[in-house]
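Undergrad: Below is the sequence, then the predicted model.
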There are 2 protein chains.
Amino acid sequence: MDTSHVGEGSIALVVSALLSTAGGFAVHKAISASGGTFIQAGLSGYDLCKKNTKTLIPESMGMISGTVFLMVMFLFTGIQFSRHVLASEKNFPHMVFEQLLTALLCICCMLLLGFADDVLNLKWRYKLVLPTLASLPLLMTHYVKFGSTTVVVPLLLRPLLGPSLNIGVLYYLYMSLLAVFSTNAINIYAGVNGLEVGQSVVMATSIAVFNLVELKGFHSSAHHLSLCLLMPFIATSFALFLHNKYPARAFVGDTFTYFAGMTFAVVGILGHFSKTVMLFFIPQLVNFAYSLPQLFRVIPCPRHRLPQYNAELDKLEYSRTTVRVKSLNPLVYRTICLLSALRLMAAEVTEKDAKHDGETTITVNNLTLINLVLVWSGPMHERTLVWTLLALQACGSALAFVIRYPLASLFYD
Amino acid sequence: MDTSHVGEGSIALVVSALLSTAGGFAVHKAISASGGTFIQAGLSGYDLCKKNTKTLIPESMGMISGTVFLMVMFLFTGIQFSRHVLASEKNFPHMVFEQLLTALLCICCMLLLGFADDVLNLKWRYKLVLPTLASLPLLMTHYVKFGSTTVVVPLLLRPLLGPSLNIGVLYYLYMSLLAVFSTNAINIYAGVNGLEVGQSVVMATSIAVFNLVELKGFHSSAHHLSLCLLMPFIATSFALFLHNKYPARAFVGDTFTYFAGMTFAVVGILGHFSKTVMLFFIPQLVNFAYSLPQLFRVIPCPRHRLPQYNAELDKLEYSRTTVRVKSLNPLVYRTICLLSALRLMAAEVTEKDAKHDGETTITVNNLTLINLVLVWSGPMHERTLVWTLLALQACGSALAFVIRYPLASLFYD
């Protein structure tokens, strides 16, 4: 059992908690103070899901929470390691220091990429290349610390594969893809007030709980490190959430979603729980899988797939896409009918559609988890919708714990 | 003598040179391709020193050279350390890895700050706080690697102070201030096409020559590291220079000046030559010192202190500031007269100035090194001016070498 830093660890956790709290207050104050600066710089947008869509709202406020996060981490690193530095440099914990540096480097890179994306509207390829390259030092640090690329084989497959399997470079490929996936998964599960930052706070808190549970376990120092990164993240993000929740007075921007995604990838990889961390992405995975037909243009994909504001009801309803039946692959058409029967999609056929040259058309909901929830629930007020989605995220975390603990014990000994 | 990495070192230098060259080409191509994107995002400006000031020129292009620099360094780190990782993790060179990570973290932070400044026009205090905090891990890495805060005392002072002096925390204060100074010194020595990036290329090349000279010396691995950081910096910056030189088709923005400044601070600190590195800042130091009366508003400071374009001559002449003699402290007035007699300032007294209520005024050049050169030379074409200033920078480097080698040997043994 790796208990080398547990003793000093509790001091570190207290220091981190104090700095995090201060960081949270700093973010809260800085956001109130700097909205005008962001609007003046053209970083602003209108809220499309409101009656009054004429009020400019500052965008990219994740920049503030991200920068304060970095500052807190710099101070934390300074305080945490100055003890070692002052005592004796012989026992300096290089490994932990390296892990912290790598974590901050990856996160800082993603803040830069996210902010550049908000300002410049980058092309997709850049959004894939930079996270991949930025994750290189992360993978290297992982290798230096843990070395092994061996995974434990589930009981069922052991007669076939033996008790463990060295998957070699595939393990690193997986972790690199994790960094790319997580930075983009949060980015596409977005669009209603408070969802991006709300889901991130729920995920971060859940992972922190997991770390606390595992703190006395085999990889104690790794979980400890994860906690020291998650605490300032939770505090600074929660302060941002207070401004971003319904009715939003600040938008978070890609700056925040990339920053948050990379933070989760980093704690998963450095905390040596890169498979478990994916369990906390259940709603994002569902949203991603459900989006695939539109992302691959099997079904047309409008620019915005946000729910639609119904001014009469002051509620949101699911947004729709209409397509000519003739233009659809018959298999796709039959799949839509099946999903519609299963209530997993809302589909409505219009024969001789006057708006489409008298051809037969089918109207379906845009394929996001947000719209699917509205298909199930009917029109809903934005505030209720977001809290429902956040409750769903919390249920996802509960499910993650069930899979990780009671269920996993059925498959592993 | 520290020769631990010299053998592998030459391979590393070749790898770095190849990656740097590729990076330079990438920057050259990317700048041509992305000007429109930057202009569309509002990152653009007019060239105030030209006849035609109506052409929008993309700004903040340092973002491109900086990002490519980071990518090159990530790839380099990957290639360089994969050998160790694949061979055996027992001999993994933690110290070098830590130093690289710290360097990239500091530089990435400054890119973020610089770009944020370009987009948001940050207040001065933020420009001081973030470099200070970002330099914390750098100082820590320095301490872990070198430990000592002892400086060698010049021969003359040895009877008084002994052969060496432990200046303790002052040493770290100095290095932290170095980071803040260098990020801002390049930023205020700017304003004519190609100067910011040109001076940085000259400085970087000079420091690289110094590293090459010292490569077989006492701190060989530190100078080696410095070279591995400077080569991609020189290549990517030179590519940027090709677009930024007269007539500029791209502006570099604060993004570049902060990025460059921090790169120099990082190589100075990690290369363990944080005092020598200041020698290569001679023109920036002169410009800073000369600017002080305006920075502290002893003499009024207009928003722009750029040289003034003379359309008749198609040349630049020094820009001026007029102030009522009555409002000046008599000591300041006498100093101006003295400096003017020494040709270190251009001053012209107008008695009963009609534009200033008939009071007596004095018109002086704006206090920048650029204007001072124009005071000495008379009106000059922008291209000639920049090449003159770059030649001056090169002379500064030559002087630096004289101070560092023949002169220093008079004062140290």
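TA: Great, that's in hand.
Undergrad: C-alpha from now on. contacts and neighbour counts both.
TA: Will do.
Undergrad: Contact residues of chain A facing chain B?
TA: Applying CA under 8 Å from any CA of the partner chain, we find that chain A lies next to chain B at A:37-38, A:40-42, A:71, A:74-75, A:77-78, A:81-82, A:85, A:89, A:92, A:94-95, A:97-98, A:101-102, A:104-105, A:108-109, A:111-112, A:119-120, A:130, A:133-134, A:136-137, A:140, A:143-144, A:147.
Undergrad: Quick one: buried ones out of these?
TA: Neighbour counting with 16 or more other CA atoms under 10 Å in any protein chain shown marks A:38, A:41-42, A:71, A:74-75, A:77-78, A:81, A:85, A:92, A:97-98, A:101-102, A:104-105, A:108-109, A:111-112, A:119-120, A:130, A:133-134, A:136-137, A:140, A:143-144 as buried within the residues of chain A next to chain B.
Undergrad: So which of the residues you listed belong to helices?
TA: Applying DSSP state H to those, the entries found in helices are A:38, A:71, A:74-75, A:77-78, A:81, A:85, A:97-98, A:101-102, A:104-105, A:108-109, A:111-112, A:119-120, A:130, A:133-134, A:136-137, A:140, A:143-144.
Undergrad: Look through the stretch 301-413 of chain A and state the residue closest to chain B.
TA: Closest approach of the stretch 301-413 of chain A to chain B (CA to the nearest CA) occurs at A:Arg303, with a separation of 19.3 Å.
Undergrad: okay, now that residue: neighbour count?
TA: By the criterion of other CA atoms under 10 Å in any protein chain shown, A:Arg303 has 6 neighbours.
Undergrad: for stretch A:19-34, what is the average pLDDT?
TA: For stretch A:19-34, the mean pLDDT works out to 96.
Undergrad: how far does that stretch sit from the chain's center?
TA: 22 Å (CA atoms, centre = their mean, to the nearest Å).
Undergrad: Would you map the strands across the stretch 301-413 of chain A?
TA: A:308-310, A:315-317, A:320-324, A:347-353, A:359-365 (DSSP state E, counting those that start in this stretch).
Undergrad: need those strands in TSV with mean neighbour count and mean pLDDT, can you?
TA: What follows is the strands of the stretch 301-413 of chain A, written out as TSV (neighbours: other CA atoms under 10 Å in any protein chain shown; pLDDT from 0 to 100):
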stretch	mean neighbour count	mean pLDDT
strand A:308-310	19	92
strand A:315-317	24	94
strand A:320-324	17	92
strand A:347-353	15	90
strand A:359-365	19	93
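Undergrad: JSON lines please, covering the ones you listed and showing distance to B:Trp387.
TA: Conversion of those to JSON lines gives the following (distance: least, CA to CA, whole Å):
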{"stretch": "strand A:308-310", "distance to B:Trp387": "59"}
{"stretch": "strand A:315-317", "distance to B:Trp387": "62"}
{"stretch": "strand A:320-324", "distance to B:Trp387": "60"}
{"stretch": "strand A:347-353", "distance to B:Trp387": "69"}
{"stretch": "strand A:359-365", "distance to B:Trp387": "63"}
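Undergrad: out of the ones you listed, nearest to B:Thr335?
TA: Evaluated with CA to CA, the strands of the stretch 301-413 of chain A place strand A:308-310 nearest to B:Thr335, the distance being 69.4 Å.
Undergrad: coming back round to it: please name whichever of the strands of the stretch 301-413 of chain A is nearest to A:Phe280.
TA: Counting by CA to CA, A:Phe280 lies closest to strand A:359-365 out of those; the figure is 26.0 Å.
Undergrad: And the pLDDT at the residue in chain A positioned nearest to chain B?
TA: Closest to chain B within chain A is A:Leu105: 5.0 Å, counting by CA to the nearest CA. Per-residue pLDDT puts A:Leu105 at 92.
Undergrad: same deal with the one 5 residues further on?
TA: Note for A:Met110: predicted pLDDT of 90.
Undergrad: For burial, what's the neighbour tally of it?
TA: The number of residues packed near A:Met110 is 28, by other CA under 10 Å.
Undergrad: got the contact list for it?
TA: Each residue near A:Met110 by CA atoms under 8 Å, 6 or more residues apart in numbering or on different chains is listed here: A:131, A:255, A:258-259, A:262.
Undergrad: just A:Leu225 next, same as before
TA: Counted by CA under 8 Å, 6+ apart, A:Leu225 has contacts A:96, A:100, A:267, A:271.
Undergrad: In contact with the residue of the stretch 301-413 of chain A closest to chain B: list those residues for me.
TA: If you count contacts by CA under 8 Å, 6+ apart, A:Arg303 has none.
Undergrad: That one and A:Ser319: what is the separation?
TA: 12 Å (CA to CA, to the nearest Å).
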